[in-house]
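**Q** sharing a sequence plus its predicted fold:
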Amino acid sequence: MGGFDNVQLTKSYPKASVFVRRARALVTGKPYYFNRQRVRACAFREINARISFENYIETGTYLGMTTHFLAKTAGTRGARVYSCEINEDHFAIASRTVGDMENVHLHRGSSVDFLASLSPTISKNANFVYLDAHWYEYLPLRDELRVLREWPNTIVMIDDFKVPFDAGFGWDKYDEEREICLPHIADSIGPSLVYFPNYPAQREGIGIARGYCVIAVSTRYTDVLDKIGLLRRFK
Ligand SMILES: C[S@@+](CC[C@H](N)C(=O)[O-])C[C@H]1O[C@@H](n2cnc3c(N)ncnc32)[C@H](O)[C@@H]1O
């Protein structure tokens, strides 16, 4: 479900759209969140089982599907979800799909300002951050990561990221300057370690695998990530 029709459908039937996507996920085994990546969702579950996250933060809410999943996940442990969207239409739709969930806080605006505004209150908490704000002229990824460098107890997952050793995972590249890949972020992550899928793209299904990386902002969580067989530390 992608593109214009999907947006219109979700706009017209916000709650039903969430319900249908969740039902379809049950039938197909492909999640309605995390870019529909099944094995990635397993990797997330392993991380989530080992770290008592207090907050789940997403940039790029879009229609609220990953937000919904994170809210359900956070709800099992009394945690909160913060998600931010710059596009007025998408924000309005997400407000109707997930805006009424008790532990969800939606923000309209730029992801970098959003993360900076959260810093004073949650930067020291245990946070899971899903960076998924892109599609436009300005790619906020580097600036987002510069804010997150000051969040020491944080795990970051970046969607649509180039997996350097497996081109079977798709990634986003808008031009030479704006490619979601390691060289693009290298100057923004300091000494943080980066992890990639430790399995071939085919496990997600041929032609539909999307890349990602996971970053432990401080060494505190590298021990955790090192134990997750689905992830591989990139040297
Ligand atoms: C790939 S979609 C996000 C999908 C969503 N995270 C999910 O898993 O269902 C990207 C979204 O990021 C938003 N976006 C792009 N640039 C942004 C920015 N600078 N700040 C906040 N949101 C942004 C777009 O409007 C779009 O809705």
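**A** Everything's here; your move.

**Q** break down the chain into its helices, ranges please.
**A** 4-12, 14-28, 38-50, 65-75, 88-97, 111-122, 141-148, 182-185, 222-226 (DSSP state H).

**Q** dump those helices to a markdown table, plus distance to residue 175.
**A** In this view, the C-beta of every residue, glycine as well, is placed from N, C-alpha and C. What follows is these, written out as a markdown table (distance: least, CB to CB, whole Å):
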| stretch | distance to residue 175 |
| --- | --- |
| helix 4-12 | 24 |
| helix 14-28 | 32 |
| helix 38-50 | 26 |
| helix 65-75 | 26 |
| helix 88-97 | 23 |
| helix 111-122 | 20 |
| helix 141-148 | 14 |
| helix 182-185 | 11 |
| helix 222-226 | 31 |
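
**Q** deepest of those helices, which one?
**A** Ranked by average neighbour count under the criterion mean count of other CB atoms under 10 Å, the helices of the chain are headed by helix 65-75 at a mean of 22.

**Q** using CSV, write out the CA atom coordinates for it.
**A** Coordinates of each C-alpha in helix 65-75 appear next as CSV, following Å, rounded to 0.1, in the frame of the first residue of the first chain:
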residue,chain,number,x,y,z
MET,A,65,1.7,3.0,10.8
THR,A,66,5.0,2.6,12.5
THR,A,67,3.8,5.0,15.1
HIS,A,68,0.9,2.7,15.8
PHE,A,69,3.2,-0.3,16.2
LEU,A,70,5.5,1.7,18.5
ALA,A,71,2.6,2.8,20.6
LYS,A,72,1.4,-0.8,21.1
THR,A,73,5.0,-1.8,21.9
ALA,A,74,5.5,1.1,24.3
GLY,A,75,2.1,0.5,25.9
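
**Q** for that helix, which helices and strands make contact with it?
**A** helix 14-28, strand 55-59, strand 80-85, helix 88-97, strand 104-108, strand 127-131 (3 or more CB pairs under 8 Å, 6 or more residues apart in numbering; DSSP states H and E).

**Q** what angle separates it from strand 55-59?
**A** Angle, helix 65-75 to strand 55-59, by axes from the mean of the first three to the mean of the last three CA atoms, to 10 degrees: 170 degrees.

**Q** ok, back up a step: kindly reformat the helices and strands packed on helix 65-75 as TSV and extend each row with distance to residue 201 and mean pLDDT.
**A** Shown next, in TSV, are those (distance: least, CB to CB, whole Å; pLDDT from 0 to 100):
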stretch	distance to residue 201	mean pLDDT
helix 14-28	18	95
strand 55-59	24	98
strand 80-85	27	98
helix 88-97	28	98
strand 104-108	32	98
strand 127-131	20	98
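
**Q** wait, which of those is closest to residue 73?
**A** When the helices and strands packed on helix 65-75 are ranked by distance to residue 73, counting by CB to CB, first place goes to strand 55-59 at 6.7 Å.
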